[in-house]
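Undergrad: structure of the sequence below:
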Amino acid sequence: MNQIIFMAFVATAGTWSVTALGAATVVFFKNPNPRALNLMLGFAAGVMVAASFWSLLEPAIARAEQTSDAPAYLVVTAGFLCGALFMWASDKIVTYARSRADSTQGGPDERLNRIIMLILSITVHNIPEGLAVGVAFGTLQNGTHSMERFMRAVTIAIGIGLQNFPEGAAVSLPLRREGYSRKKSFLLGQASGMVEPAAGVLGAWLVVYIEALLPLALSFAAGAMILVAVHELIPECQKNRTVHPYFATMGIIVGFAVMMLLDVMLG
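TA: Numbering: from 1, shown residues only. From the prediction side, this is the model:
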């Protein structure tokens, strides 16, 4: 296996392990602390927004200017919109399937369908996250500024890993409330992150062997991450804002600041 692809696999296996850690919270309690969960979700949203610009869009623009015959702004905008549209289409498919499952009244598979849709929705969201990490490591194929690119890839993996923790809990805890055992809830919860190593390897492979795709791949991952952050994480963490109006918001600010600091200082 190509060394860069292997590094992408190791990094995404790490983000998967954080999903498993989040799923492991089911061992200790059925319901998470709402304030702590909102803080984590807000922090994850801030990390993803910052990573989308400094770690994905900025290098995508620079790379497109060097290698693309088309204007860099068109290449990056197209990739960004495609990433957002991919996540939008995925969400529509999952929402439709979930609505069909919820429409089943009293059927023997109602509970099973609801659980499958829950796991599927989180799994679909993990695809662009794995791609983002894989694409970031794929940029290491060019030896120029290799340490800078390596640190950028690491910061993206850290950011993705941080937001995977509440996602793992978001699967395992509802399963526990449905009456599943702690062991089964954990196993199903961590399974939602298994797609990330596969997506990471795919992203790195595409960049390593089809170098012209790099600007599009970076901006695609950015579009997908921004949509997830804005459509899913930020609204979710703001649900209890009447009780704690600035708690989750400060999580977003701190997450953005930490990711910006890591990327600018180390990258």
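Undergrad: give the rounded mean pLDDT of stretch 87-101.
TA: Stretch 87-101 comes out with an average pLDDT of 73.
Undergrad: that should have said stretch 186-198, apologies.
TA: 87.
Undergrad: in it, what's buried?
TA: Residues of stretch 186-198 classed as buried: F186, L188, G189, Q190, A191, S192, G193, V195, E196, P197, A198 (neighbour count, 16 or more other CB atoms under 10 Å). All C-beta atoms are positioned from the backbone trio N, CA, C, and that covers glycine.
Undergrad: what residues does it touch?
TA: With contact meaning CB atoms under 8 Å, 6 or more residues apart in numbering, stretch 186-198 is reached by 9, 12-13, 15-16, 18-20, 22-24, 26-27, 115, 119, 122-123, 126-127, 129-130, 133, 160, 164, 167-169, 171-172, 175, 180.
Undergrad: can I get that stretch as PDB, trimmed to CA atoms?
TA: Taking Å, rounded to 0.1, in the frame of the first residue of the first chain, the C-alpha atoms of stretch 186-198 are listed here in PDB:
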ATOM      1  CA  PHE A 186     -22.000   0.300  21.700                       C
ATOM      2  CA  LEU A 187     -21.300  -2.000  18.700                       C
ATOM      3  CA  LEU A 188     -23.900  -0.400  16.500                       C
ATOM      4  CA  GLY A 189     -22.800   3.100  17.600                       C
ATOM      5  CA  GLN A 190     -19.200   2.600  16.700                       C
ATOM      6  CA  ALA A 191     -20.200   0.900  13.500                       C
ATOM      7  CA  SER A 192     -21.500   4.200  12.100                       C
ATOM      8  CA  GLY A 193     -17.900   5.400  11.900                       C
ATOM      9  CA  MET A 194     -16.500   2.400  10.000                       C
ATOM     10  CA  VAL A 195     -17.100   4.100   6.700                       C
ATOM     11  CA  GLU A 196     -14.500   6.700   7.500                       C
ATOM     12  CA  PRO A 197     -11.400   4.600   6.900                       C
ATOM     13  CA  ALA A 198     -12.800   3.400   3.600                       C
END
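Undergrad: now for the chain, the helix or strand with the poorest mean pLDDT.
TA: Across the helices and strands of the chain, mean pLDDT, DSSP states H and E gives its lowest value to helix 110-138, namely a mean of 71.
Undergrad: following that helix, which helix or strand comes up?
TA: Sequence order places helix 146-177 as the next helix or strand after helix 110-138, per DSSP states H and E.
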